[in-house]
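A.B. asks: give me the fold of what follows.
(chains A, B, C and D)
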There are 4 protein chains.
Amino acid sequence: MTEPIRVGVLGARGRMGLEVCKAVDGAADMELAAMVDQGDVLFNMEDAHAEVVVDFTTPDVVMDNLRWAIEHGISAVVGTTGFTADRLDQVRSWLAEKPGVGVLIAPNFGIAAVLMMQFAAKAARYFESAEIIEQHHPRKLDAPSGTATRTAQVIAAARAEAGLGPMPDATKEEVAGARGADIDGVRVHAVRSAGLLAHQEVLFGTDGEILTIRHDSLDRVSFMPGVLLAVRNVRSRPGLTIGIDSLLD
Amino acid sequence: MTEPIRVGVLGARGRMGLEVCKAVDGAADMELAAMVDQGDVLFNMEDAHAEVVVDFTTPDVVMDNLRWAIEHGISAVVGTTGFTADRLDQVRSWLAEKPGVGVLIAPNFGIAAVLMMQFAAKAARYFESAEIIEQHHPRKLDAPSGTATRTAQVIAAARAEAGLGPMPDATKEEVAGARGADIDGVRVHAVRSAGLLAHQEVLFGTDGEILTIRHDSLDRVSFMPGVLLAVRNVRSRPGLTIGIDSLLD
Amino acid sequence: MTEPIRVGVLGARGRMGLEVCKAVDGAADMELAAMVDQGDVLFNMEDAHAEVVVDFTTPDVVMDNLRWAIEHGISAVVGTTGFTADRLDQVRSWLAEKPGVGVLIAPNFGIAAVLMMQFAAKAARYFESAEIIEQHHPRKLDAPSGTATRTAQVIAAARAEAGLGPMPDATKEEVAGARGADIDGVRVHAVRSAGLLAHQEVLFGTDGEILTIRHDSLDRVSFMPGVLLAVRNVRSRPGLTIGIDSLLD
Amino acid sequence: MTEPIRVGVLGARGRMGLEVCKAVDGAADMELAAMVDQGDVLFNMEDAHAEVVVDFTTPDVVMDNLRWAIEHGISAVVGTTGFTADRLDQVRSWLAEKPGVGVLIAPNFGIAAVLMMQFAAKAARYFESAEIIEQHHPRKLDAPSGTATRTAQVIAAARAEAGLGPMPDATKEEVAGARGADIDGVRVHAVRSAGLLAHQEVLFGTDGEILTIRHDSLDRVSFMPGVLLAVRNVRSRPGLTIGIDSLLD
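C.D. replies: This next block holds a predicted model:
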């Protein structure tokens, strides 16, 4: 049995930070070494011999946290938002001086969403047709969702690479909007209903068969397996990694 | 045990007629008394003492068939198309003189489609949101399907009757078409893909729960239970009946 | 515009009671007249001129609450558990002396679940096959769920009434359990998985088509439309009503 | 533009052979060079300069066909059944003497089924729970299906490799069979209903999210994309290849 990874959590009193603390605490191969939040000095983290810090704080403090961690040779997993290209360049330059340290910044730690995207990219080349139906609660402001748009782009790119032409569609008479939004030639339908949370279905069809990949996201707690996966892998990936995609093969 | 119903089939060599012959032959409470098609004289039908005729012929002969059947006191179940308001009036006037005879004309004998519509009408008043997703093969010319449009109208009418206002929908930024077609305030999404046949999903939602009614139609053989149901009931419903809806309670 | 219904909530500080207060407060046709919980005297309720009380308390106090309400001519909607046959008889005898008062006691106020059951009962007679798949979180102790068992019984009864025989099933080699539990001749499958909440799918099939009714229950807040429906109808249904089924036509 | 692949079809008058002829004829990068069936001599195939033969014949002639093809340096794609270990060894020994020739024998050319299996294998390691629901027509003799059993085994193996323990399941009271068949610790549910064809759903769950992969197979014509894929790749894979899995990355 290898030593457990010593993990420190920054933003430990926030909604996500609290979930991270519970998840780390429940993982057999990790030890919750330190919990830090506003008012606590970062110093504690070093005393605690943290090997990896997880940061779910705010855009105004995350850069200070990262500089400190990198300087002290501590790898970091970051779910905080607000990373512009400039900020990412800054992190890369800090990391350049510490070749053993890894930082992974992800806008979304949901493993299922990443797998759905990878599976869609792979399946796209083998089917004549592909369409996306995303379903969300009615308080959502944009339609389609960002995930659906990215999935459509990924499918379109895979089809182009495989030399597939336009999908078959004999529609002659259409009530405006019935066939959905056209994202790079892939039709995307956005359902909004009370009772829904966040769901997406990608449908691939060829004569005689249909392959469907569906993702239902019910709770942010679903991000924890992705955070733990990142904690397990960040030290063996020096430099900056964006997203958890590359951790899933 | 009551006597089996003696059934004659008009258009017995056609694709649908043949299925009707098989279905009648396989029904314990029916007897296939006569099979008639072009070239055979209708006379056979009377000799055969048919009590009900099923007509899956063509618009140019169906009216002659119906006049003959009504005159001879034989009830009829009709799947042939092309019934204008004038034709229906003509059938009604023939029936007025034969008070014991029933004629049922239906554009569609699918029981599941009718049940879906009835269930949708009933559920509509209890949910904040309702949306329709119909899915068909890519050779279909219209979007959305006629069934989806009618379902939306039925839902809209039920909501209005129950005093429900517009559905919640905070969409501010929409890629054109993402939210589907607006049919009387109900959003309808039409998916077209190779590998699909004919499918429809009606989704009802309120905070915390979703009720979904889905219909998959894979083969026209699915019309047979509806045809047999009509044969069993047509003699006890004198006059003209349109559709099988009223047979399902 | 009619006068709003004056509603009092008993158990107003409990999890469900709180939701009821919010729901009543948000309903245009109701007025939240009183909120009562342990320590508050019921007297307030009368002062408040409540016309209907909603009781989500506990088995040890609910009978006293009901006797008091009935005596004061106030109708009641009850979600509290623990009603034995004896207790129901007691409530009936109190109501016998107050012919204008109605009491509705329901183990479950979910409208979608009731509609699913009603639709299943109606569809069952028209399809050769019917199966149930229920899906729940892995902390559930019983399999299948009580709702799935009742649905199977309802389907079995409807099939028997319609004279349908056993469903077609040619299975010769079965790994034990593959075909599910046999509840009155209806197969029921219970899925248990992390990430699931409470879901049920009822599938009806005949040659060439499938009708599916699905219910997803994500949150207890979904009970509120059923509670409000009961509040609106309880005064016009004197005597004891069990369940909200009869309110849905 | 490269030269089209010259394809000969053995068993060209059979149900599958006919579909292959149509599919090859419709493929821009292939030329239907020869169609052979019982009574036609194989000689034609050589005259036609076939580069690949596709064999959908019968177990009693397929070995002769393969020996002839390999001897003549023609690669082969084989959908004929009945390949025992002995027969496969025989084919391997023939191929050993013709290092440039490839033979691909597949029990099933459905791409979606293979992708479903590959995606399941990949997803299995990241989720606490996994269950399989397969749905087939009621004439099927075995439950669960062979595909479902293999999927369960693949999932079980991936979980073991990732060090995952048993899935969470608190079931205490079970009506026999409710929780499905236990295949290597993975629960498999087999639904049988009129109206169904061949369907499979694999559900992966972790707290807060569900990933579902579903395959609907409606018609054997769905095998054609897999056959064409094999034709395109068989010449660049000398020796014996079993199944089309390895062609999908």
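A.B. asks: buried residues, the longest helix seen in chain A. List them.
C.D. replies: For chain A, the helix with the greatest residue count under DSSP state H is helix A:146-161. With burial defined by 16 or more other CB atoms under 10 Å in any protein chain shown, the residues of helix A:146-161 counted as buried are A:147-149, A:151-152, A:154-156, A:158-159. Placement of C-beta: from N, CA and C, glycine included.
A.B. asks: hang on, A:Ala112 is in a helix, isn't it?
C.D. replies: Yes. Under DSSP: H, G, I helix; E, B strand; the rest coil, A:Ala112 falls within a helix.
A.B. asks: hmm, it is touching D:Asp207, no?
C.D. replies: No. Assessed by CB atoms under 8 Å, A:Ala112 is found out of contact with D:Asp207, at 11.5 Å.
A.B. asks: nearest residue to A:Met16 other than its sequence neighbours?
C.D. replies: Excluding the flanking residues, the one nearest A:Met16 by CB to CB, 6 or more residues apart in numbering or on different chains is A:Phe56, at 4.1 Å.
A.B. asks: revised request: answer the last question for A:Arg139.
C.D. replies: Nearest non-adjacent residue to A:Arg139, counting by CB to CB, 6+ apart: B:Ala170, 5.1 Å away.
A.B. asks: again, but for A:Phe204
C.D. replies: Residue nearest to A:Phe204 in three dimensions, not counting chain neighbours: A:Phe127, with 3.9 Å by CB to CB, 6+ apart.
A.B. asks: what is the neighbour count of the one you found?
C.D. replies: 25 (other CB atoms under 10 Å in any protein chain shown).
A.B. asks: now for the lowest-mean-pLDDT helix or strand in chain A, which elements pack on it?
C.D. replies: In chain A, the helix or strand scored least confidently by mean pLDDT, DSSP states H and E is helix A:43-47, which has a mean of 73. Applying 3 or more CB pairs under 8 Å, 6 or more residues apart in numbering or on different chains; DSSP states H and E, one finds that helix A:43-47 contacts strand A:30-36.
A.B. asks: direction included, what does the strand it packs on pair against?
C.D. replies: Each strand that pairs with strand A:30-36, with its direction, by DSSP bridges: strand A:5-10 (parallel).
A.B. asks: how about the residues of chain A near chain C?
C.D. replies: Chain A comes close to chain C at residues A:195, A:197, A:216, A:218, A:222, as judged by CB under 8 Å from any CB of the partner chain.
A.B. asks: and these, which of them are in strands?
C.D. replies: A:Asp216 (DSSP state E).
A.B. asks: which of the residues of chain A next to chain C lies closest to A:Gly14?
C.D. replies: Taking CB to CB as the measure, A:Gly14 sits nearest to A:Ser222 out of the residues of chain A next to chain C, at 17.1 Å.
A.B. asks: check the nearest residue to that closest one once chain neighbours are set aside and give its pLDDT.
C.D. replies: Excluding the flanking residues, the one nearest A:Ser222 by CB to CB, 6+ apart is D:Gly208, at 3.0 Å. pLDDT for D:Gly208: 91.
A.B. asks: ok, now how distant is D:Gly208 from B:Val20?
C.D. replies: To B:Val20, D:Gly208 is 52 Å away according to CB to CB, to the nearest Å.
A.B. asks: higher neighbour count, those two?
C.D. replies: The neighbour comparison of D:Gly208 against B:Val20 (other CB under 10 Å) goes to B:Val20, with 28 against 21.
A.B. asks: show me what contacts that one?
C.D. replies: Going by CB atoms under 8 Å, 6 or more residues apart in numbering or on different chains, B:Val20 touches B:9, B:12, B:54, B:56, B:224, B:227.
A.B. asks: how far away is A:Asp219 from D:Pro99?
C.D. replies: Counting by CB to CB - A:Asp219 and D:Pro99 are separated by 57 Å.
A.B. asks: so which of the two has more stuff around it?
C.D. replies: Comparing A:Asp219 with D:Pro99 by other CB under 10 Å, the one with more neighbours is A:Asp219, at 15 against 8.
A.B. asks: for the more buried one, which non-adjacent residue is spatially closest?
C.D. replies: D:Gly208 (3.4 Å).
A.B. asks: separation between the one you found and C:Thr84?
C.D. replies: When distance is defined by CB to CB, D:Gly208 is 38 Å away from C:Thr84.
A.B. asks: now do A:Ser75
C.D. replies: From A:Ser75 over to C:Thr84 the distance is 61 Å, taken as CB to CB.
A.B. asks: near chain B at all, the helix or strand hosting A:Met117?
C.D. replies: Using DSSP states H and E, A:Met117 maps to helix A:111-123. No. Figure legend: helix A:111-123 not in contact with chain B (CB under 8 Å from any CB); closest approach 12.6 Å.
A.B. asks: and the gap between the residue most central in space within chain A and chain B?
C.D. replies: Central residue check for chain A by CA atoms, centre = their mean: the C-alpha nearest the mean position is that of A:Asn108, 2.7 Å away. Going from A:Asn108 to chain B by CB to the nearest CB, to the nearest Å gives 20 Å.
A.B. asks: please apply the same query to A:Ile5.
C.D. replies: 39 Å.
A.B. asks: show me what contacts that residue?
C.D. replies: Applying CB under 8 Å, 6+ apart to A:Ile5 gives the contacts A:29-31, A:51-52, A:231-232, A:235.
A.B. asks: what about the strands in chain A?
C.D. replies: Under DSSP E, chain A gives strands at A:5-10, A:30-36, A:52-55, A:75-78, A:102-105, A:129-136, A:142-143, A:173-174, A:181-183, A:186-192, A:198-206, A:209-217, A:239-242.
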